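[1] Here is my input, please return the structure:
(chains A, B, C and D)
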4 protein chains.
Amino acid sequence: MVIVMGPDAVPADIEAIVETIGGAGGEAFVSRGVSRTIIGLVGDIAQFGTLDLRGMRGVADVMRVTAPYKLVSRDNHPERSTVRVGGVPIGPGTVTLIAGPCAVETPQQTLDAAEMAKAAGATLLRGGAYKPRTSPYAFQGLGEAGLRILADVREQTGLPVVTEVVDAHDVELVASYADMLQVGTRNAQNFALLQAVGRIGKPVMLKRGMNATIEEWLMAAEYIAQRGNLDIVLCERGIRTFETATRNTLDVSAVPVVQRLSHLPVIIDPSHSGGRRDLVLPLTRAAIAVGADGVIIDVHPRPEQALCDGPQALVDGDLPELARVVREFPPLVGKVPAGEALASA
Amino acid sequence: MVIVMGPDAVPADIEAIVETIGGAGGEAFVSRGVSRTIIGLVGDIAQFGTLDLRGMRGVADVMRVTAPYKLVSRDNHPERSTVRVGGVPIGPGTVTLIAGPCAVETPQQTLDAAEMAKAAGATLLRGGAYKPRTSPYAFQGLGEAGLRILADVREQTGLPVVTEVVDAHDVELVASYADMLQVGTRNAQNFALLQAVGRIGKPVMLKRGMNATIEEWLMAAEYIAQRGNLDIVLCERGIRTFETATRNTLDVSAVPVVQRLSHLPVIIDPSHSGGRRDLVLPLTRAAIAVGADGVIIDVHPRPEQALCDGPQALVDGDLPELARVVREFPPLVGKVPAGEALASA
Amino acid sequence: MVIVMGPDAVPADIEAIVETIGGAGGEAFVSRGVSRTIIGLVGDIAQFGTLDLRGMRGVADVMRVTAPYKLVSRDNHPERSTVRVGGVPIGPGTVTLIAGPCAVETPQQTLDAAEMAKAAGATLLRGGAYKPRTSPYAFQGLGEAGLRILADVREQTGLPVVTEVVDAHDVELVASYADMLQVGTRNAQNFALLQAVGRIGKPVMLKRGMNATIEEWLMAAEYIAQRGNLDIVLCERGIRTFETATRNTLDVSAVPVVQRLSHLPVIIDPSHSGGRRDLVLPLTRAAIAVGADGVIIDVHPRPEQALCDGPQALVDGDLPELARVVREFPPLVGKVPAGEALASA
Amino acid sequence: MVIVMGPDAVPADIEAIVETIGGAGGEAFVSRGVSRTIIGLVGDIAQFGTLDLRGMRGVADVMRVTAPYKLVSRDNHPERSTVRVGGVPIGPGTVTLIAGPCAVETPQQTLDAAEMAKAAGATLLRGGAYKPRTSPYAFQGLGEAGLRILADVREQTGLPVVTEVVDAHDVELVASYADMLQVGTRNAQNFALLQAVGRIGKPVMLKRGMNATIEEWLMAAEYIAQRGNLDIVLCERGIRTFETATRNTLDVSAVPVVQRLSHLPVIIDPSHSGGRRDLVLPLTRAAIAVGADGVIIDVHPRPEQALCDGPQALVDGDLPELARVVREFPPLVGKVPAGEALASA
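    Predicted structure coming up:
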């Protein structure tokens, strides 16, 4: 940590800080400048964390210089990780396509969507049984009945299942059906839920909060990791800005930034970020090109009847182009489609 | 709802929409303009809600024209509501001061802070036993032990207690100690929690999500109301913007905007929005002046030892000015301090 | 400045920096921490400003610790300034009401609006002859004819005139008619214009850019000051956020923050920030309560015929309440209305 | 336009609106709903534009349903345009690489940077002679001397020149040296400048304001077009958000959104959006993949000595990868590199 003293700080103020830091078991190095004095703190940051340094006399600013996350940081784990979901890799060497319906509605609709996903090259099936909706009057998902449908469709298609959990006390139930648990953007700081998925032995997909800084997103991952689960895949899904032409603003820069800070894989959700069907394919191309380790995409056999987010789901006619994108772009960034990686394994 | 057709829409597209709406039990009025045709939908919106109108041929845009919330709307409940917390009113006629420590740390600290609150004119005590923290390594609150301290301090001071609940499954426990439950900014779209506090017979303070639009905030309140609890107080606590000089940007305009849309009381949290002690008093003045029905403020007897948010807590020396502000400003906006209202009752 | 070294920095990297700084005439103090080394730079920052320190081997971050503005900073000018416009003070002791039409349309409309302003207690007249409009098809102002109308109305009412200038090459012309030049939010980083108003001997009102951080706003003021003009009044007028219920989000916290950083007066524009008539009075109350040194408000005798921003202008019926607010709130924050200050002078 | 009446609107309010619209030469179609009445307006929008419809009794909302821009809209010009700069195409069939130094510093540095640009496949040279800088104490560019250097380097390398103009009164001078004029993000609503470049017979690159919605950006282009210049290339360069890990947030979604709304070409600036060298190549890949018609990139022979934005400039070692990206990605989106298009022409 670095403490910047104000222009009106007196020597006694500086001494008080040096003593306080010493008392907490640290060391303070003082650099006296023309207009400001800077104090560099050395020692275990955890010891200084509870001190109200900012409230001490003469202090103008206190700046942290190390990342507040440890387990998910690349500092201590330089090699990028691969997370395996039912055998399917998500990581630095591959581009994994996860596809399926936004919400599980019926067995037939889910099976049809899974077949669409497979036709496009997907190796994992997405589908929501518990839907967090802004309106209490909107469709909230089928609950456990939806989980059973997903399990049946997994049997029929061989695709491992990714599905959302919205309440800490449903984690065990959802984990008993799913291959990967998803924590959604609205729960990105629901710490009870983060800790619960951290205690379960299943991979977790953690969406970025729509207003989360990259650091907060990594801290949410740290909550999961701290409870013992390091099988975490981060998912960028757009952040909230003043622009209204798209539902959210997809932050593609977050992918290389996070890959430099953390060893965890990062994927992109081009469906929910834009909220528009016509943007899904361009954003999928951008996602793979920028280096994302995968994409998660809504498909629907009959979107005009969808109970949730129909306007953003890809339809049958879009699948050949989706398949082409997922096949042709990865080699240009030194990756292979996860489907090919599995086939050649 | 209004459907705007694109410039390339053909008559058959318009007929298809008229038929679809008719089939869903509604009526469609067509206005043909020079470059665009507009279709006004009349009927029960719930019937159209699941139709993918935006996905129909020729449609350029679909616009909702009525608010998506009902129970909290002022349309159906023109008079503004007063919520009573342990007998203390929060509503249009009064300005209620809620004060106390950010986190409950010890019995003595909590009692001292409660005495400070009372000295400044507070009629409700705030204090957190469960703290949602960005870092898993930060102090997370004392849990039930903290609730017991709050209950003891209520006994000693007579101040009813407002405290946060962060997990749906703790709601009954927290409600057994508290007079009002607080739902924090990070849980503003934790729908399981919203529904749980909606089922309990205690008043709820609902903080605005730091990235929530006013409409989303009211929809979160609707979740609570829909489960049968209309004793909701809304709390503006700053939204996230690009400005970094303050932790968040206090949106004072939200107070008159919400008071026009909803009958629920609205208060302001000047401590958490700015995150700086030197801003608390100016923002408290602005809060009362803009018409807020109350303010909730952090005070701490020894902020340099606080385990949470010490740098923003008011200290002893600030209390006379806080008391003056809470006494002198309400009459200028046609309100009385809640303390005076109670005394004269 | 402080340089934070990355975890993989080697001693040679640190030595290279120490040498580079020494070569630029500064001194570098090295604090070696457990995981990071911090280097504090001492000397004339201007000398280091052109060095690409961030590009040097081993450097993780470079942090500035002193403000980049000097002339407008309170560090070097601790007492807050009062700017006088045609004899009317704007500064720490007073609350100045500036009012008038958004745009000058006709002599009669301008005179009527000026009389409204005066009735409400205004001591300065606002009115635009050059209007920066988002659409090229919208009314762009009367130009010099508008300036002549303003000058005539000043003669008739005795109110000094504040009016906007939008092009560097109009500055002399506008200054020949106006008592104070306004630089609008869209020109907050039009540096040619800032320098031009900096060279003219008239007070300047500098609106905050709708996306400007407080630091950028003060840097824009520094551009004016650097050319020799320190008669600058800062005007907060709302920043752009994701909220759509109001045109912009009024950032009241900016007032105490800026008053601490800079000696310049700060006023608030409650008309343009909200863009809604019903918000103007509540936001005016909040503005004075938070400590603003004045407010600037749109009034219009017949807003339904206004060529610009009619929906936000106050009308005749609003004036008594505006007058009351401007009279009753200043004493509660230790200020007097500028009108009273002039009368008693 | 559509007018939404409030729940308390009475028949007389609706009649008043119908009459007002009729009086302005339009027609109003009334749709009476259960809780709201909707009025669709048909006729020349320009006629209604100055009416204060929002201020009329009973009106809850007024919504525009057609775009406010005409000349740059794709509605009236369905085919996407190609702009030619000194013979080099920017448009739907190609991907154009524009590269060069952020600022022109010396003849040698500019020539070296131009050679770097050429080596990477650039067909246009960028370089700033007039630099808008946040600080008045930062390097402001060489002015006309810089323009002369650019002209010399064009002679030596054959690369047409793109350079920024920051003041309306410099437009003729800059146009006498440059092949394309750039309007920067800080001048995106400097309407005097937009009109001036609209009157000159040279192509214009219009950067998006860092806080501009897509609609405002297109309105800025409309200002240029309205003065007779349709040779406009739009440039996305990041918008301001709460994220601080990158200078701005590159909005790649804006490319397909704008290409659908407007016929103008759209390029991306990956250097200024991220502000970090390590992000330039990933963002360049994303830019081409999402469908951008070009990219504009900073290169510098000796960035550690750069007077402006050194930390984001690509260096010699980055050029082979940049060349590969610009060669290999365009074919995957149905485009060819502009250099190849020229060679085969």
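
[2] Which single residue in the stretch 1-150 of chain A comes nearest to chain D?
    Nearest residue of the stretch 1-150 of chain A to chain D: A:Ala67, at 11.4 Å (CB to the nearest CB). In this view, the C-beta of every residue, glycine as well, is placed from N, C-alpha and C.

[3] What number of residues are in the vicinity of that residue?
    By other CB atoms under 10 Å in any protein chain shown, 19 other residues sit near A:Ala67.

[4] mind checking the SS state of it?
    Per DSSP: H, G, I helix; E, B strand; the rest coil, the secondary structure class of A:Ala67 is coil.

[5] Touching, it and A:Ile214? I think so.
    No. Taking CB atoms under 8 Å as the contact criterion, A:Ala67 and A:Ile214 are not neighbours in contact, 10.5 Å apart.

[6] Find the residues that touch each one of those two.
    A:Leu261 (CB atoms under 8 Å, 6 or more residues apart in numbering or on different chains).

[7] quick one on the thing from earlier: now do the contacts for the residue of the stretch 1-150 of chain A closest to chain D.
    If you count contacts by CB under 8 Å, 6+ apart, A:Ala67 has them with A:Ser73, A:Asp75, A:Glu215, A:Leu218, A:Leu261.

[8] A:Thr244 too?
    In this structure, A:Thr244 makes contact with C:Thr244, D:Thr213, judged by CB under 8 Å, 6+ apart.

[9] Kindly recompute the last result at 7 Å.
    When contacts are counted by CB atoms under 7 Å, 6 or more residues apart in numbering or on different chains, A:Thr244 touches D:Thr213.

[10] Equivalent analysis for the one 10 residues further on, please.
    In this structure, A:Ala254 makes contact with A:Ile214, A:Glu236, judged by CB under 7 Å, 6+ apart.

[11] What are the phi and psi values at A:Met219?
    Listed backbone geometry of A:Met219 is phi -70, psi -40, with angles given as degrees, to the nearest 10.

[12] Mind checking which residue lies nearest the centre of chain A?
    Most central in chain A under CA atoms, centre = their mean is A:Leu234, positioned 2.8 Å from the mean C-alpha point.

[13] Okay, and that one sits in which element?
    Here A:Leu234, judged by DSSP states H and E, is contained in strand A:232-236.

[14] how many other residues sit next to the residue lying closest to A:Leu250 once chain neighbours are set aside?
    The shortest distance from A:Leu250 to any residue that is not its chain neighbour, by CB to CB, 6 or more residues apart in numbering or on different chains, is 3.9 Å, and that residue is A:Ser273. A:Ser273 has 29 neighbouring residues, counting by other CB under 10 Å.

[15] what helix or strand does A:Leu125 sit in?
    A:Leu125 belongs to strand A:124-126 when assigned by DSSP H and E.

[16] quick one: least confident helix or strand in chain A?
    Using mean pLDDT, DSSP states H and E, helix A:45-48 stands out as the lowest-scoring helix or strand of chain A, at a mean of 64.

[17] Report the buried residues of the helix or strand following that one.
    Secondary structure here is assigned by DSSP H and E; on that basis, the next helix or strand after helix A:45-48 toward the C-terminus is strand A:59-63. Going by neighbour count (16 or more other CB atoms under 10 Å in any protein chain shown), the buried part of strand A:59-63 is A:Val59, A:Ala60, A:Val62.

[18] Distance to D:Pro7 and pLDDT for the residues you listed - can I get that in CSV?
    As requested, the buried residues of strand A:59-63 are exported to CSV (distance: CB to CB, whole Å; pLDDT from 0 to 100):
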residue, distance to D:Pro7, pLDDT
A:Val59, 54, 86
A:Ala60, 53, 81
A:Val62, 52, 82
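
[19] got the residues you listed as TSV, with distance to chain D columns?
    As requested, the buried residues of strand A:59-63 are arranged in TSV below (distance: CB to the nearest CB, whole Å):
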residue	distance to chain D
A:Val59	22
A:Ala60	19
A:Val62	17
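
[20] Let me know the closest of those residues to chain C.
    The shortest gap between chain C and any of the buried residues of strand A:59-63 belongs to A:Ala60, at 7.9 Å (CB to the nearest CB).

[21] For A:Ala9, see how far away the closest one is.
    For A:Ala60, the distance to A:Ala9 equals 8 Å [CB to CB, to the nearest Å].

[22] so what's the residue in chain A that chain D sits nearest to up against?
    Residue nearest to chain D within chain A (CB to the nearest CB): A:Ala289, separated by 3.5 Å. Taking CB under 7 Å, 6+ apart as the definition of contact, the neighbours of A:Ala289 are A:Phe329, A:Val333, D:Arg285, D:Ala286, D:Ala289, D:Phe329.

[23] before we move on, which element is the third one in?
    Read that as D:Arg285. Element membership of D:Arg285, judged by DSSP H and E, is helix D:277-290.

[24] Buried residues, that helix. List them.
    For helix D:277-290, a neighbour-count test (16+ other CB under 10 Å) marks D:277, D:279-290 as buried.

[25] Pipe those residues into TSV and attach pLDDT and distance to B:Gly26 per row.
    Conversion of the buried residues of helix D:277-290 to TSV gives the following (pLDDT from 0 to 100; distance: CB to CB, whole Å):
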residue	pLDDT	distance to B:Gly26
D:Arg277	92	57
D:Leu279	96	50
D:Val280	97	53
D:Leu281	98	53
D:Pro282	98	49
D:Leu283	98	47
D:Thr284	98	49
D:Arg285	98	48
D:Ala286	98	43
D:Ala287	98	44
D:Ile288	98	46
D:Ala289	98	42
D:Val290	98	39
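
[26] and which of those is nearest chain B?
    D:Leu279 (18.9 Å).

[27] dump the residue contacts of that closest one.
    D:Leu279 makes contact with A:Ser253, A:Pro256, D:Thr246, D:Pro270 under the criterion CB under 7 Å, 6+ apart.

[28] So which of those belong to helices?
    Counting by DSSP state H, the members of these that fall within helices are A:Pro256, D:Pro270.

[29] Generate a PyMOL selection restricted to the buried subset of the contacts of D:Leu279.
    Selecting only the buried entries of the contacts of D:Leu279 in PyMOL, with 16+ other CB under 10 Å as the criterion:
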select buried, (chain A and resi 253+256) or (chain D and resi 246+270)
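
[30] Nearest residue to the closest residue to chain B within the stretch 101-250 of chain A in space, please, no chain neighbours.
    Closest to chain B within the stretch 101-250 of chain A is A:Asn211: 3.1 Å, counting by CB to the nearest CB. Closest residue in space to A:Asn211, ignoring its immediate chain neighbours: B:Asn211 at 3.1 Å, by CB to CB, 6+ apart.

[31] That neighbour falls within a strand, correct?
    No. Secondary structure of B:Asn211 (three-state DSSP): coil, not part of a strand.
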